[in-house]
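Novice: 3D, please:
(one chain, ligands or ions: 1)
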Amino acid sequence: MTRGAQRALAATVLGIAAAIAYFVWTVRSMPTPPSGRTGPGLALGLLGTLAMFGAAIYSWRRRFVARASRSIEVDANQRRELLARERKALDELQALQRTLMRNPRADRKAIINEAQRILRAHKVSRTIRGRVEQASGGTVRLVIERREWGGRLRTWYLWHLSLGTLALVLILLHAGFRFGNVIATLAFVCLAGVVATGFVGLYLYWTVPPRLTIIEERAERTPEELREELAEVIAELSEIATNKSKSFLDVYQQEIAIPGIDMTPSLGWLTQSATIDRDTSRPDRLRLIVKEIPPAEQEDFRKAMRLIFRKEKIEVSLYPQLRYDYLLKVWLSAHIPLSGGMWAFSLIHIVSVLYY
Ligand code: HEM
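Specialist: Here you go, the predicted structure:
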């Protein structure tokens, strides 16, 4: 667990413990059962609402970053150049890391200066940063990370979750575990839904991007480029397959269906595996099958099979990226309306209790 995650977790546990202790203490000393109408109940409601506002700042931060990074959005060629420069800088930084590993008591300042010189030389200071961490025993370590504007989004997300969870507990205590008022209960149900889907989001952010980075690096192409290439390969294939014999088309249909995952996003993707394995038995199978194809079509058959191999290779790289995009969209389409409902019902609830 990273230090940021440890801090957010500790703050959540402490906040929850303090809220419960306050609740127990006030309930004991009060003649009436706990409710949102009592002084402590109102205080907990106010704190819960503030925690909800705190958690909501994250969505502002996400939008702010999207706007701020618009100026650094670049076309595919420029992005490729940037990636090449980043790769060179990372190679040099990793060499520096290795030197530091052999000599962990090296001068901290000199290491930072060298890391910055490398980043500047490759013109990647805007996207990558290096920092030196002091470990126990006076040893130092060079950490290389991707630069994120306004602090790491992941840290923001952890605090977003922490405040959301705290808000859930505070509002539960605010209500004194009573759920008679329909609007207030709906606000609470939406809040619980927002927090639950928030944790699903954390799981997605945690598990998918590291796997994706590996796949993208292996593919060395952006998803847009892969998608274009896939469309070209499919067009070429359908051209070759026109006016062919039955035996050609039978094999063709069978082989083109592998890996058997439709590239059009669908809810089925939620239950499907996150990656596609290549069909390793295909080369041997095709070597035997080619004899069954009429001799006049064998040349085209070989060409089609080469294209099918290419199609499979592209799909293996593209599918995890498309699936991740889609999962995020599905997840957001639950998380965002729930938070809309939560704010709307909370507002009606607050206004109504203030008036009546
Ligand atoms: C400053 C903000 C808030 C104030 C002043 C406030 C005030 C109150 C009051 C006066 C009650 C008692 C109602 C009654 O006895 O009929 C109450 C109950 C309740 N509130 Fe709030 N509230 C606030 C925020 C929230 C929020 C943000 C939520 C949910 C997300 C919420 C959920 C509830 C629930 C579930 C109850 C229990 C309903 C019941 O007793 O049947 N409150 N609140």
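
Novice: pLDDT score for residue 348?
Specialist: pLDDT recorded at residue 348 is 97.

Novice: correct me, but it touches residue 183?
Specialist: Yes. Residue 348 is in contact with residue 183 according to C-beta atoms under 8 Å; the separation is 5.2 Å. Placement of C-beta: from N, CA and C, glycine included.

Novice: more neighbours, the two?
Specialist: More neighbours surround residue 183 than the other of residue 348 and residue 183, with 17 against 14 (other C-beta atoms under 10 Å).

Novice: Just the buried residues of the helix or strand encompassing the more buried one, please?
Specialist: In this assignment (DSSP states H and E), residue 183 forms part of helix 182-219. Across helix 182-219, burial judged by 16 or more other C-beta atoms under 10 Å covers 183-184, 186-188, 190-195, 197-198, 201-202, 205, 208, 212, 215-216, 219.

Novice: How about stretch 36-50?
Specialist: Those would be 36, 38, 40, 41, 44, 45, 47, 48, 49, for stretch 36-50 by 16+ other C-beta under 10 Å.

Novice: ok, and which of those reach the ligand?
Specialist: 36, 45, 48, 49 (C-beta under 6 Å from any ligand atom).

Novice: Helices of the stretch 101-250 of the chain, residue ranges please.
Specialist: 108-121, 153-174, 182-219, 223-240, 246-256 (DSSP state H, counting those that start in this stretch).

Novice: CSV please, covering the ones you listed and showing distance to the ligand and mean pLDDT.
Specialist: Shown next, in CSV, are the helices of the stretch 101-250 of the chain (distance: least, C-beta to the nearest ligand atom, whole Å; pLDDT from 0 to 100):
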stretch, distance to the ligand, mean pLDDT
helix 108-121, 46, 89
helix 153-174, 4, 91
helix 182-219, 3, 83
helix 223-240, 38, 87
helix 246-256, 52, 85
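
Novice: Can you give me the domain boundaries for the protein?
Specialist: Using automatic domain parsing, the domain ranges for the chain come out as 3-178, 181-356.

Novice: Give me the distance between the two termini of the last one.
Specialist: This means domain 181-356. 13 Å (C-alpha to C-alpha, to the nearest Å).

Novice: what's the answer for the first one, then?
Specialist: With C-alpha to C-alpha as the measure, domain 3-178 spans 37 Å from end to end.

Novice: Work out the gap between that domain and the centre of the chain.
Specialist: Put simply, domain 3-178 sits 15 Å off its chain's centre (C-alpha atoms, centre = their mean, to the nearest Å).

Novice: Between the buried residues of stretch 36-50, which sits nearest the ligand?
Specialist: residue 36 (2.2 Å; C-beta to the nearest ligand atom).

Novice: Quick one: the helices of the stretch 101-250 of the chain as JSON lines, columns for distance to residue 328 too.
Specialist: Converted to JSON lines, the helices of the stretch 101-250 of the chain look like this (distance: least, C-beta to C-beta, whole Å):
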{"stretch": "helix 108-121", "distance to residue 328": "30"}
{"stretch": "helix 153-174", "distance to residue 328": "13"}
{"stretch": "helix 182-219", "distance to residue 328": "7"}
{"stretch": "helix 223-240", "distance to residue 328": "13"}
{"stretch": "helix 246-256", "distance to residue 328": "29"}
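
Novice: Buried residues, stretch 229-238. List them.
Specialist: 229, 230, 233, 237.

Novice: Apologies, that question was intended for stretch 80-90.
Specialist: 82, 83, 85, 86, 89, 90.

Novice: which of those residues sit farthest apart?
Specialist: 82 and 90 (12.2 Å; C-beta to C-beta).

Novice: So what does the residue of the stretch 201-350 of the chain found nearest the ligand have for phi and psi?
Specialist: Residue of the stretch 201-350 of the chain nearest the ligand, by C-beta to the nearest ligand atom: residue 346 (3.9 Å). Main-chain torsions, residue 346, degrees, to the nearest 10: phi -60, psi -40.

Novice: Could you find the closest non-adjacent residue to it?
Specialist: Distances taken as C-beta to C-beta, 6 or more residues apart in numbering put residue 187 closest to residue 346, at 4.4 Å, once the chain neighbours are dropped.
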